[in-house]
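> no sequence on this one, just coordinates:
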């Protein structure tokens, strides 16, 4: 019998999801969901992980559960095909994390590039002292282990993530190999699935900074209005050396063109041809490469480029906004989706935990096990 193909992925509920999430994972999740290639798809709202650096603000996490769920449904994730669930409601994940803690050293966690980058981003810069109260919370430091529990609990064979998460998946694979060699071959070793468009690996912020982040205020959200998107695109970082329209411009490192790489389709040039018609000049492009060539040569202004980008983004996001508005009017349905999904996910996780306990020989009260233990040890002390 062929091994089931199972996906596990998810997001932290620390705010609305943005277009970086969309091109990095959400769009691909919908494609994978509709491909028919996978037996099961689990999509997690990782509220327990969000609490590792928001422990003093649980209401923020609580309120953002619905925001993430609405974004999931609005981009096209279908509860009939994908299992949407809330992480903290599955206690088996906590137990698995506890057992896996023994298989990972502090030094190994310290070497994890993703952990180091995330600690720097949040100001967790060392041991807490009287002057530095921003020590590293243990829960946050150990979240790669928690992530391994999430992935293995559902026997995930594939984990679709951005390239910044590669060290996390490798850490999971190490834990799986360590567990299986120490106890028994129970856990499934997952494969990573990266975005197939290089520009989607990590979409920069509108200010040109390497990461689009809620905390940096450089995001375009999936739920933003058309006018909000227009304003954000107008203020977007381009080529600082492109001072005059006639100046040759750089495409590399130009946020407008990075976004176009991620979102633009050939049909957009016919659909939004009017964006390239001005009072003194007009262009006819049939591909993004033609547009880039003109920008490099000079004569194509940033305003035209930004107008075109806005049209492309709004063409993509308008249907998502419309679906979100529909789901916002039926919040009970959204929570019912999460409740059913969580129940189904917990059933799977409980089976994995039972197998883990059997392998570790800590299943003392399983049927048959207790009788055998009593018989063996009664004979020992007879």
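Yep, that arrived. Bear in mind the structure is a predicted one, so any value in this text is a computation, not a measurement.

> Helix or strand: which one has residue 94?
helix 91-100 (DSSP states H and E).

> For that helix, buried residues please.
92-93, 95-97, 99-100 (16 or more other C-beta atoms under 10 Å). Placement of C-beta: from N, CA and C, glycine included.

> Now do the strands in the stretch 151-300 of the chain.
Secondary structure of the stretch 151-300 of the chain (DSSP state E, counting those that start in this stretch): strands at 158-160, 191-193.

> which other helices and strands contact the helix or strand that residue 304 is a member of?
According to DSSP H and E, residue 304 maps onto helix 302-328. Packing partners of helix 302-328 (3 or more C-beta pairs under 8 Å, 6 or more residues apart in numbering; DSSP states H and E): helix 58-75, helix 226-234, helix 255-263, helix 267-271, helix 288-297.

> quick one, it and helix 288-297 angle?
Our comparison of helix 302-328 with helix 288-297, counting by axes from the mean of the first three to the mean of the last three C-alpha atoms, to 10 degrees, yields an angle of 140 degrees.

> Shouldn't residue 139 be within a helix?
Yes - according to DSSP: H, G, I helix; E, B strand; the rest coil, residue 139 belongs to a helix.

> My read is that it contacts residue 52, right?
Yes - counting by C-beta atoms under 8 Å, residue 139 sits close enough to residue 52 to count as a contact (4.0 Å).

> Distance check, the closest residue to residue 179 other than its chain neighbours against residue 151.
Nearest non-adjacent residue to residue 179, counting by C-beta to C-beta, 6 or more residues apart in numbering: residue 187, 5.4 Å away. Here residue 187 is placed at a distance of 9 Å from residue 151 (C-beta to C-beta, to the nearest Å).

> cool, residue 264 as well?
33 Å.

> Next up, the contacts around residue 5.
37-39, 157-158 (C-beta atoms under 8 Å, 6 or more residues apart in numbering).

> and what of residue 7?
Residue 7 neighbours (C-beta under 8 Å, 6+ apart): 29, 32, 38, 40-42, 156-160.

> 7 Å instead?
Counting by C-beta atoms under 7 Å, 6 or more residues apart in numbering, residue 7 touches 32, 38, 41-42, 156, 158, 160.

> What is the nearest of these to residue 19?
residue 160 (16.7 Å; C-beta to C-beta).

> What is the neighbour count of the residue lying closest to the closest one once chain neighbours are set aside?
Sequence neighbours aside, residue 193 is the residue nearest to residue 160 in space, at 4.2 Å (criterion: C-beta to C-beta, 6+ apart). For residue 193, the count of nearby residues is 17 (other C-beta atoms under 10 Å).

> what does residue 56 give?
The burial count for residue 56: 7, using other C-beta under 10 Å.

> Likewise for the one 10 residues further on?
By other C-beta under 10 Å, 17 other residues sit near residue 66.

> Same check on residue 50?
By other C-beta under 10 Å, neighbour count at residue 50 equals 26.

> Contact partners for it?
By C-beta under 7 Å, 6+ apart, the neighbours of residue 50 are 12-14, 61.

> same deal with residue 242?
Counting by C-beta under 7 Å, 6+ apart, residue 242 has contacts 249, 302.

> give me that answer again for 10 Å
248-250, 254, 295, 298, 300-302, 305 (C-beta atoms under 10 Å, 6 or more residues apart in numbering).

> right, and the residue nearest to residue 179 touches residue 152 too?
Yes - applying C-beta atoms under 10 Å, one finds residue 187 in contact with residue 152, separated by 4.8 Å.
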